[in-house]
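# Okay, here's the prediction I keep looking at, along with the sequence it came from:
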Amino acid sequence: MMRNASALLCAVALGACSLIPDYEPPVVEAAESWINAGAEIEARQAEPPPADWWRAFGNEELARLVARAQANSPDLAAATARVAQASATRRAAASTLLPSIGGSASGSRSGQDFDTFGTSADRVSWRGVIDASYEIDFWGRNRAGAIAAEASELASAFDRDTVLLSLSAEVAATWLQYLAIEDRIDVAQANLDNARIVLELIETRVDLGAVSPLELAQQRSTIAGIEASLSELRQQRAQTLNALALLLGEPPGEIAVGSEGLSAVRLPVVQPGLPSELLTRRPDIARAEAQLLAANADIGAARAAYFPSIGLTGQAGFGSTALASLFEPASALYTLAGSITAPIFSGGRLDAEYDRARARYDELVANYRGAVLAGFRDVEDALAAARYLAEVEAAQQEAATQAAEAFRLAETQYRAGAVDFLTVLDAQRSLFSAEDALVRARLARLDAAVSLYRALGGGWSDPRR
């Protein structure tokens, strides 16, 4: 009889149907080429960035910092733990597709101490039973739940990969910012040294009565302004180092960064490939689609809730009044039962849950389209920055060169009495401003390269492919 029940179970399971809607990825139109790529970048398919894309900057210190961050970051550890939670949820959901089996054993003794003849009337019984229950997933409700849980686990894994990509990019950007501040401090210090040289000249000329004390006050004001800028930059350097320590998962003061400056960093050339390739390169887009798959399966589960639930229960074991004869064939016992439970009136709950599942799916369709469009924008922004900031840096380089020459000439002519002090003062300020802007332009170009790697997915590859 148990063999007949197993055959019935297999036949019903094979005849089960799924109410999950057919899934089709939302269509988001992609341009044929990147608008801001520039003439030097061909509109062609390109290899994705390498997994260790930060090595393209040619600096081993950056590689070491990224490795430390990936090993110690609390944010990455939390994202990894969320993947483990989603994996456990997926296994729990998958267990509903299998029978549930349990066992029990008992022994009891009952009766009175003496009967009417003065003898013992105790009754002893022993029982050992295995219980089994199984819900026939005829409408696919449990399978839909398992599919949704599996898709949610994928979404958690893609979320972890997004955190990993963001972490690496933030470490690179923060490290570059630190080096740029070091360079700006060097620029400010050099300008301060020049200003003090000019101050000594003015003090000598004031002592000789050749110039007004007004020029002395103006130069001292210039020096004080540069010193204030130096203090602000040192504050920014300390705070940037603290931010880097947080990314590395270490207390402030535990890390040290070299002071070679931005000159020790290579500017990589990044090939963005075709816009259509972006859909398979970014983990945040993959996460959005995985969430969409889970919501699609939830619609199937909400549909199946309208239909009857079919369950089978069985029990087999032994029962006897004597422990020695418990496992003899005559002591065997079994029961087999089937049940059908159907919703009759739910007060609109099933309709509401189905409507919620549909609305959730529509929301995630919009989120997916938004993630794709945001990805396109991120790449275009980074390409535009890489393209135009090259022109900015070249112009700032020329401005700094000419400002240095103007200051040299102004100082020389001032010593000779050919120009007034205002000319020197303007030349000083122009030189400081131009050299500081040159450092910031170089940082912006390197930041644009980091942003482009991040926008392209940084070497992430979809494990489903």
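That came in fine, so what should we check first? Computed from a predicted structure; not experimentally measured.

# and residue 169, what is it in contact with?
If you count contacts by CB atoms under 8 Å, 6 or more residues apart in numbering, residue 169 has them with 450, 451, 453, 454, 458. From N, CA and C alone the C-beta is placed, and that goes for glycine too.

# Tell me which two of the residues you listed sit farthest apart.
Maximum pairwise distance among the contacts of residue 169 (CB to CB): 10.6 Å, between 451 and 458.

# Looking at the two now, which is surrounded by more residues?
The residue with more neighbours, out of residue 451 and residue 458, is residue 458; 26 against 21, by other CB atoms under 10 Å.

# Tell me where the model's unsure across the chain.
1-17, 38-46, 110-122, 259, 317, 319-328, 330-331, 465 (pLDDT under 70).

# which stretches of it form helices?
Secondary structure of the chain by DSSP state H: the helices cover 2-14, 60-72, 74-94, 141-207, 213-247, 283-304, 349-415, 421-455.

# Would you tell me which of the ones you listed gets closest to residue 332?
Among the helices of the chain, helix 2-14 comes nearest to residue 332, with 11.6 Å by CB to CB.

# Dump the contacts of residue 169 to CSV, plus distance to residue 373.
Below are the contacts of residue 169 laid out as CSV (distance: CB to CB, whole Å):
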residue, distance to residue 373
450, 22
451, 17
453, 20
454, 17
458, 19
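
# which one among the residues you listed gets closest to residue 153?
Closest to residue 153, out of all of the contacts of residue 169 and judged by CB to CB, is residue 458, at 22.3 Å.

# Leaving out chain neighbours, which residue sits closest to residue 421?
In this structure, residue 421 finds its nearest non-sequential neighbour in residue 215, 4.3 Å apart by CB to CB, 6 or more residues apart in numbering.

# Tell me who's in contact with the one you found.
202, 205, 206, 421.

# Mind giving me the ChimeraX command for buried ones among these?
Of the contacts of residue 215, the buried ones can be selected in ChimeraX as follows, counting by 16 or more other CB atoms under 10 Å:
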select :202,205,421
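
# how much space between residue 350 and residue 302?
Distance, residue 350 to residue 302, using CB to CB, to the nearest Å: 8 Å.

# Same check on residue 409?
Using CB to CB, one gets 80 Å for the distance from residue 409 to residue 302.

# With neighbour numbers in mind, choose between those two.
Between residue 409 and residue 302, residue 302 has the larger neighbour count (other CB under 10 Å), namely 22 against 15.

# my guess is the more buried one contacts residue 352, does it?
No - look at residue 302 against residue 352 with CB atoms under 8 Å: they stay out of range, at 9.5 Å.

# who's in contact with the spatially closest residue to residue 378 that is not a sequence neighbour?
Leaving aside its sequence neighbours, residue 378 sits nearest to residue 455 (CB to CB, 6+ apart; 3.7 Å). With contacts defined as CB under 8 Å, 6+ apart, residue 455 is in contact with 282, 375, 378, 379, 381, 382.

# Kindly report the same for residue 28.
Listed by CB under 8 Å, 6+ apart, the contact set of residue 28 reads 279, 368, 369, 372, 373.

# ok, now how distant is the closest residue to residue 93 other than its chain neighbours from residue 264?
Spatial nearest neighbour of residue 93, excluding adjacent residues (CB to CB, 6+ apart): residue 149 at 3.7 Å. In this structure, residue 149 and residue 264 are 49 Å apart, going by CB to CB.

# between those two, who's got more neighbours?
Shown here are residue 149 and residue 264; by other CB under 10 Å, residue 149 has more neighbours (22 against 14).

# The more buried one contacts residue 89, doesn't it?
Yes - contact criterion CB under 8 Å: residue 149 and residue 89 qualify, at 5.3 Å.

# what distance separates stretch 140-153 from the middle of the whole chain?
23 Å (CA atoms, centre = their mean, to the nearest Å).

# what residues does that stretch touch?
Applying CB under 8 Å, 6+ apart, the set of residues contacting stretch 140-153 is 16-20, 83, 86-87, 89-90, 92-94, 96-97, 135, 137, 290-291, 293-295, 297-298, 300-301, 304-305, 309.

# ditto for stretch 244-262
Applying CB under 8 Å, 6+ apart, the external contacts of stretch 244-262 come out as 61, 65, 68-69, 71-74, 77, 167, 170-171, 174-176, 178-180, 182-183, 186, 241-242, 264, 439, 442-443, 446.

# and that stretch, how far apart are its ends?
17 Å (CA to CA, to the nearest Å).

# Pull out the buried residues from that stretch.
So for stretch 244-262, counting by 16+ other CB under 10 Å, buried means 244, 245, 246, 247, 248, 249, 257, 261, 262.

# just stretch 214-226 next, same as before
215, 216, 218, 219, 222, 223, 226.

# Rebuild these as CSV, extending it with distance to residue 26.
Formatted as CSV, the buried residues of stretch 214-226 follow (distance: CB to CB, whole Å):
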residue, distance to residue 26
215, 69
216, 71
218, 65
219, 65
222, 60
223, 62
226, 56
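
# which of the residues you listed lies closest to residue 339?
Nearest member of the buried residues of stretch 214-226 to residue 339, counting by CB to CB, is residue 226, at 85.9 Å.
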